[in-house]
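Asks: My questions are about this predicted structure, shown below with the sequence.
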Amino acid sequence: MLSKKRTQEIINLAIPGVPPETPEHLWNDDAAMEPYIRAADRRRKRWLQSCSKPRELQLFAENWHWDGGGGKPLQILIANPHCDAGTMMYLFWLGSAEDYYFQFKTIKQVRSEFDREIYRLLRRVERNIVNSDYPSANIYFDPAPYISMLERRDEFARSIPNRMYEPIGKKPRHK
């Protein structure tokens, strides 16, 4: 179990843009903020590359701000050799996989760079899961609550493999 302090450190890493420790008087000065943001981005990248604890990577994924952060940091997360399959599956479904796969068959069809980042992430996670290319599957994730278009799968521009609809990881025991 993580300490409150460690948990907050990881949550802070998962906040893109203005780092929480930035002095408030600088918040409205873009030029003054830029060095803080760049430093936070470097810290986040180093941590995502070096973290060796799957549960910490999962906590980061659970707290990532998709709208402000895009997919690039998440690409680093899933490339980490300690990233669990449950975390990857979590990112796949939290990344609105059905919406992307419904609309786009290839990356060339995706117009905005933000959406291309997410689409690349989804495809990479899909490949990793389907090919069993992950170090462990200890973190449980059941995609069922996130699936909303199952009955429309035949309409998708690109089909989601059946494996992506199945729970992954070790189901927690209830006390």
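Replies: Done, it's in. In this text, all values refer to a predicted model and were calculated from it rather than measured experimentally.
Asks: Could you list the low-pLDDT ranges of this protein?
Replies: Within the chain, the ranges that satisfy pLDDT under 70 run 175.
Asks: May I see the buried residues of the longest helix along it?
Replies: Longest helix in the chain, counting residues (DSSP state H): helix 30-50. Neighbour counts using 16 or more other Cβ atoms under 10 Å place M33, Y36, A40, D41, R44, W47, L48 of helix 30-50 among the buried residues. The C-beta positions use only the backbone N, C-alpha and C, and glycine is treated the same way.
Asks: Would you check how far apart the third one and D67 are?
Replies: From A40 across to D67, the span is 17 Å (Cβ to Cβ, to the nearest Å).
Asks: just to revisit the earlier point, packing partners of the longest helix of the chain?
Replies: Packing contacts for helix 30-50, counted by 3 or more Cβ pairs under 8 Å, 6 or more residues apart in numbering; DSSP states H and E, involve helix 4-13, helix 72-79.
Asks: buried stuff in the first one?
Replies: Along helix 4-13, these residues count as buried under the neighbour rule (16+ other Cβ under 10 Å): I10, L13.
Asks: roughly how far is it from the heart of the chain?
Replies: Centroid displacement of helix 4-13 relative to its chain, using Cα atoms, centre = their mean, to the nearest Å, is 17 Å.
Asks: Can you list the helices and strands that it packs against?
Replies: Counting by 3+ Cβ pairs under 8 Å, 6+ apart, helix 4-13 packs on helix 30-50, helix 54-63.
Asks: ok and that helix relative to helix 72-79, angle-wise?
Replies: Here the directions of helix 4-13 and helix 72-79 differ by 120 degrees (axes from the mean of the first three to the mean of the last three Cα atoms, to 10 degrees).
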